[in-house]
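**Student:** only geometry, no sequence info:
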């Protein structure tokens, strides 16, 4: 668990052993599911599925990615921005794969701003106007 958290985080958290053990205890009963899911994602049938279908995404799309992600290369953000029409990409400095854990306020603000912008755009308002 400690190695996984190091891989997912740019910021190094000091996590007490009791909490690490609790995370392991919660995860262990579902390990078979997580393993199966991981193998499905990296398997030949789905390995290129997102890439092949990105152009079909028509919903407003926001991508928030840590610049120091060691799990999924940050280059994926630019690929999504190019392939998905109107995709908004926000790259976070000093952040790895776990954007919500590492930069919770910034992530929340980006999401709120994106939703407000979608609401304003959908209602015919000026895009620069923000709801309070």
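**Tutor:** Nice, thanks for sending it over. Note that the structure is a prediction, hence the values are computed from the model and not measured.
**Student:** Check which helix or strand residue 85 maps to.
**Tutor:** Counting by DSSP states H and E, there is no helix or strand that carries residue 85.
**Student:** pretty sure it is in contact with residue 59, am I right?
**Tutor:** No - here residue 85 lies out of contact with residue 59, judged by C-beta atoms under 8 Å, at a distance of 10.2 Å. For the C-beta atoms, the positions are set from N, CA and C on the backbone; glycine is no exception.
**Student:** if you count what's nearby, which of these two comes out ahead?
**Tutor:** In this view residue 85 and residue 59 are compared by other C-beta atoms under 10 Å, and residue 85 has more residues nearby, 12 against 7.
**Student:** any chance you could read off phi and psi for the more buried one?
**Tutor:** The phi and psi values for residue 85, taken as degrees, to the nearest 10, are phi -60, psi 130.
**Student:** same deal with the one 10 residues further on?
**Tutor:** According to degrees, to the nearest 10, the main-chain angles of residue 95 amount to phi -150, psi 140.
**Student:** In contact with it, which residues?
**Tutor:** Shown in contact with residue 95 (C-beta atoms under 8 Å, 6 or more residues apart in numbering): 10-11, 66-69, 102-103.
**Student:** Please report how far it lies from residue 57.
**Tutor:** Residue 95 sits 24 Å away from residue 57, going by C-beta to C-beta, to the nearest Å.
**Student:** Helix or strand: which one has residue 90?
**Tutor:** strand 88-92.
**Student:** which other residues reach the helix or strand containing residue 5?
**Tutor:** If you go by DSSP H and E, residue 5 is part of helix 2-8. Contacts to helix 2-8, defined as C-beta under 8 Å, 6+ apart, come from residues 12-13, 15, 20, 70-71, 96-98.
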